[in-house]
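Student: What follows is a predicted structure for the sequence shown.
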Amino acid sequence: MMQEHLLIGRITRLQIFKVPEFGTRASFSLERLGQGAVTCSVAGDVAREFVTYYGEGDFVAVNGFYEPRPSTASPKCLWAGRFRVCAVHALEKAGSSRMRVCLTQPPRIAELTLSNIER
């Protein structure tokens with residue numbers, strides 16, 4: 001069973017796709033303070049909500065799973081890996097008043113409330 005993770009960072013390199021067979025998809029890079037960027041992908045209902053409310057530069061918390069390399073992938077094919085997003089929560093909209101996230105350790109999504117965010 002795959003473990004769910006919470007990542008917090010700023011949305012960069014946002015790309016939105018509309019595929020007739022599969023619906024709306026989005027991919028973006030999540031830049032995290034003091035850590036490397038993570039490539040994220042969003043699909044289905046989560047993607048439709050994501051493209052409506054979030055954009056380039058927004059500071060968000062996402063939860064989801066790291067996708068393993070597909071078993072059918074060729075050994076010669078490079079696999080950079082990606083993070084499959086299951087839920088997105090806004091922490092700061094780009095261009096809005098600055099908000100500071102005060103977290104002693106990454107909370108589980110159920111614990112991510114306004115009490116964890118200091119204005």
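Tutor: Looks like it arrived, so ask away.
Student: Spit out the contact partners of the closest residue to residue 32 other than its chain neighbours.
Tutor: Closest residue to residue 32 apart from its sequence neighbours, by C-beta to C-beta, 6 or more residues apart in numbering: residue 9 at 4.0 Å. For glycine as for every other residue, the C-beta is placed from the backbone atoms N, C-alpha and C. Contacts for residue 9 (C-beta atoms under 8 Å, 6 or more residues apart in numbering) come out as 30-33, 37-38, 59-60.
Student: how about 10 Å then?
Tutor: For residue 9, the contacting residues are 28-33, 35, 37-38, 40, 58-62, 91, by C-beta atoms under 10 Å, 6 or more residues apart in numbering.
Student: which residues pair with it across the strands?
Tutor: Assessed by DSSP bridges, residue 9 has beta-bridge partners residue 60.
Student: quick one: the spatially most central residue of the chain and residue 90, what's the gap?
Tutor: Centre of the chain computed as the mean C-alpha position; nearest residue by C-alpha atoms, centre = their mean is residue 62, 4.3 Å away. Separation of residue 62 from residue 90 (C-beta to C-beta, to the nearest Å): 11 Å.
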